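K.L.:
Here is my input; please provide its structure:
(one chain, ligands or ions: 3)
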Amino acid sequence: MLCKICKSKGRRNKAVIYLRHHRLALCKEHFIEWFERQTEKAIKEFKMFRREEKVLVAVSGGKDSLSLWFALHRLGYETYGFHISLGIEGWNYSQKSLEVCRRFSERIGRPLLVFNLKEEFGYSIEEIAEGSGRKDVCSVCGTFKRYLMNKIAREKDFRVVATGHNLDDESALLLSNVMRWELGYLGRQYPVLPEEGGFARKVKPFCFLTEKETVSYAILNGIEFMETGCPNAKEATSKTYKQALAFLEHEMPGTKLRFYKEFLRKARPLFEKELKKELELNECEICGMPTTAPVCSVCRTLQRLREC
Ligand code: SF4
Ligand code: ZN
Ligand code: ZN
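P.N.:
Numbering: from 1, shown residues only. Ligands and ions are numbered 1, 2, ... in the order given. The predicted structure is shown next:
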């Protein structure tokens, strides 16, 4: 298959990727160009951040977050990486992830901020989950990651935090929220969550790009990333929703993009009202971070662990 853009310019370059739902075959150069243009388009469409704002990019060491850091850096934004070292020993995951992030930060010559959970709190994420009697490590991990992103953004004076969530993540999250009719979550699901009540603005510039596209972008740019993923990922229920959507996508190309885009356009404004009802924030009595309870859930969890 030939690159469509090269062909239109009278050149016969072979395509390295075929984007089925866009019916687009592209060579390396034009795929990278297309990918970065899509990223910039999402940033502008949802007014995620302005050129003069510094952006904190949450990086795990995986393909999505490192591709995001790379794309934003190439697009000329002032980026800083932020990595949370979770203390996961299985497969040497946390240590390897940190090394990958460090090497990447050196490659692009941008600073990497690191928060080491075990050093700062005294426990790994698995110990925290176990000690608080929660079987689902991922949901505890999600709470701690969100908390730390907000805390570091606040302390280091960042108004924007960017994450590498892609279309596969967003459509799977949407499906899971719809399945349980989580009205508050449906109201909150958006490519940009505004800066509010002490929380930094959260943005997802890859929300319309698929996992296949982010991994291709990483590989074509020679980005070294963690291929194994976290050993706890097998427990994540989002996998089942992703598989269901992959089946639908295979049968009906474009389903994922349509599902998510039409939700943003038609349904999400209806659920937004729920969001306003739910969020009444005050400061946590211990750490001062915004919370709906007198003490935030992270401080409560840590308190309980220390009392054991
Ligand atoms: Fe955290 Fe679960 Fe992701 Fe591992 S798979 S990093 S435990 S959310
Ligand atoms: Zn081309
Ligand atoms: Zn707190």
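
K.L.:
Which of the helices or strands spans the closest residue to ligand 1 within the stretch 201-308 of the chain?
P.N.:
Nearest to ligand 1, among the residues of the stretch 201-308 of the chain, is Cys230, at 3.1 Å (C-beta to the nearest ligand atom). C-betas here are computed from N, CA, C, even on glycine. In the assignment (DSSP states H and E), Cys230 maps to no helix and no strand.

K.L.:
same deal with the one 10 residues further on?
P.N.:
Under the criterion DSSP H and E, the helix or strand holding Thr240 is helix 238-251.

K.L.:
Just the buried positions in that helix, please.
P.N.:
The neighbour-count check on helix 238-251 (16 or more other C-beta atoms under 10 Å) flags 241-242, 245, 249 as buried.

K.L.:
Next SSE downstream of that helix?
P.N.:
Per DSSP H and E, the first helix or strand lying C-terminal to helix 238-251 is helix 255-262.

K.L.:
For that following helix, what is the distance to the chain centroid?
P.N.:
Remark: helix 255-262 is offset 18 Å from the chain centroid, using C-alpha atoms, centre = their mean, to the nearest Å.

K.L.:
can you check stretch 209-224 too?
P.N.:
Chain-centre distance of stretch 209-224: 15 Å, with C-alpha atoms, centre = their mean.

K.L.:
which residues touch that stretch?
P.N.:
Residues from elsewhere that reach stretch 209-224 (C-beta atoms under 8 Å, 6 or more residues apart in numbering): 16-17, 19, 28, 31-32, 35, 38-39, 63-64, 66-68, 70-71, 100, 103-104, 164, 166-169, 206, 225, 256.

K.L.:
List the buried residues in that stretch.
P.N.:
Within stretch 209-224, the residues that qualify as buried by neighbour count (16+ other C-beta under 10 Å) are 209-211, 213-218, 220, 223.

K.L.:
What strand or helix carries Val114?
P.N.:
Going by DSSP H and E, Val114 is in strand 112-116.

K.L.:
Is ligand 1 within reach of the next helix or strand after that strand?
P.N.:
From strand 112-116 onward toward the C-terminus, using DSSP H and E, the following helix or strand is helix 117-121. No. Against ligand 1, helix 117-121 shows no contacts by C-beta under 6 Å from any ligand atom, the least distance being 10.6 Å.
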